[in-house]
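# can you look at this prediction? I've put the sequence above it.
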Amino acid sequence: MAIVLLSGGLDSTTCLAIAKHEGFTPIALSFRYGQRHTGELECAAAIATAAGVEHLIADIDLAAFGGSALVDESLQVPKHESVDDLTADSVPITYVPARNTIFLSFATAVAETRGAHDVFIGVNAVDYSGYPDCRPEFIEAFETMANLATREGVEGRRLRIRTPLIDLTKAQIIQRGIALGVDYGITMSCYDPASDGGACGHCDACLLRARGFADADVDDPTQYSSLLRKN
């Protein structure tokens, strides 16, 4: 058994497929955390159903703290004309403070109550937006902490934080998922979808996703908004 953090996006969906391929019985864990757009939760539910796995949704309110364009509607999600405009020189406003730390803490609790010793998370240190909680050193530190802080860990049944995508490009992730039969048409990556539910095509996530499909030489199944221009 394994816990898979499932956002409804491309990376986490690939992680779910990898966990199944490796022989685990996954439990998918998603969060209603005060995000501006909850369409990703609908995608996560559809993905879990298609994969035939149990799906849990935890309610937490990170919007109460603000500090990110993903939970605070007074802050604008940055938009760019090209993926070449993206930079990881500073942490962007779409970073949600301590989000992966919080999500992994919940996943650790679920793992301990369900007798699972593996947690999959789709962090990536190659094609990413400069988030500090996507780095290998963060994952290593969290795994150490989790094994110090849980009964399972101190009794010798170690928890592993699995990051199968951390060293892959977005194109390599897509190719891996296609080989495992992932339907990326039911995933959502956009930080700021339009009122019709379509992707904006210009946020960091949309641009990285589009380049990934192009570099992988795979048709992009993303449903872009008919209300917004896409280059």
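It's in. Bear in mind the structure is a predicted one, so any value in this text is a computation, not a measurement. Residues are numbered from 1 along each chain as shown.
# please tell me how far R158 sits from N147.
5 Å (C-beta to C-beta, to the nearest Å). For every residue, glycine as well, the C-beta is placed using N, CA and C.
# my guess is S82 contacts L207. True?
Yes - if you go by C-beta atoms under 8 Å, S82 and L207 touch, sitting 7.1 Å apart.
# moving C-terminal from the longest helix seen in the chain, which element do we reach first?
With secondary structure taken from DSSP state H, the chain has its longest helix at helix 99-114. Moving toward the C-terminus from helix 99-114, the next helix or strand (DSSP states H and E) is strand 118-120.
# okay, now the sheet partners of that following strand, with direction.
strand 2-5 (parallel), strand 160-162 (parallel) (DSSP bridges).
# give me the contact list for it.
Applying C-beta atoms under 8 Å, 6 or more residues apart in numbering, the contact partners of strand 118-120 are 1-5, 15-16, 18-19, 24, 26, 104, 107-108, 111, 159-164.
# and that strand, how far out from the chain's middle?
13 Å (C-alpha atoms, centre = their mean, to the nearest Å).
# same check, this time on stretch 60-71
Relative to the centre of its chain, stretch 60-71 is centred 17 Å away, using C-alpha atoms, centre = their mean.
# could you do stretch 154-162 as well?
Its chain's C-alpha centre and that of stretch 154-162 lie 22 Å apart, by C-alpha atoms, centre = their mean.
# only C-alpha atoms, please: export it in PDB.
Written as PDB, here are the backbone C-alpha positions of stretch 154-162 (Å, rounded to 0.1, in the frame of the first residue of the first chain):
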ATOM      1  CA  VAL A 154      10.800   4.800  15.800                       C
ATOM      2  CA  GLU A 155       9.700   1.100  15.900                       C
ATOM      3  CA  GLY A 156      11.800   0.400  12.800                       C
ATOM      4  CA  ARG A 157       9.100   0.500  10.000                       C
ATOM      5  CA  ARG A 158      10.600   3.300   8.100                       C
ATOM      6  CA  LEU A 159       8.500   5.600   5.900                       C
ATOM      7  CA  ARG A 160       9.900   6.400   2.400                       C
ATOM      8  CA  ILE A 161       9.000   9.600   0.600                       C
ATOM      9  CA  ARG A 162       9.100   8.500  -3.100                       C
END
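# pLDDT on it, on average?
Average pLDDT, stretch 154-162: 95.
# buried sites along it?
The neighbour-count check on stretch 154-162 (16 or more other C-beta atoms under 10 Å) flags L159, I161, R162 as buried.
# isn't the last one right up against G122?
What it means is R162. No - the pair R162 and G122 fails to qualify as a contact (C-beta under 8 Å) at a distance of 9.9 Å.
# hang on, the earlier thing: buried subset of the contacts of strand 118-120?
Using 16+ other C-beta under 10 Å, the buried ones in these are 2-5, 15-16, 18-19, 24, 26, 104, 107-108, 111, 159, 161-164.
# contacts only, for A19.
Residues counted as contacts of A19 (C-beta under 8 Å, 6+ apart) are A2, V4, P26, D118, F120, R162.
# from E54, how far out is the residue sitting furthest away from the middle of the chain?
Residue farthest from the centre of the chain, counting by C-alpha atoms, centre = their mean, is E155 at 30.4 Å. Note on E155: its distance to E54, by C-beta to C-beta, is 25 Å.
# likewise for G198?
Distance from G198 to E54, by C-beta to C-beta: 30 Å.
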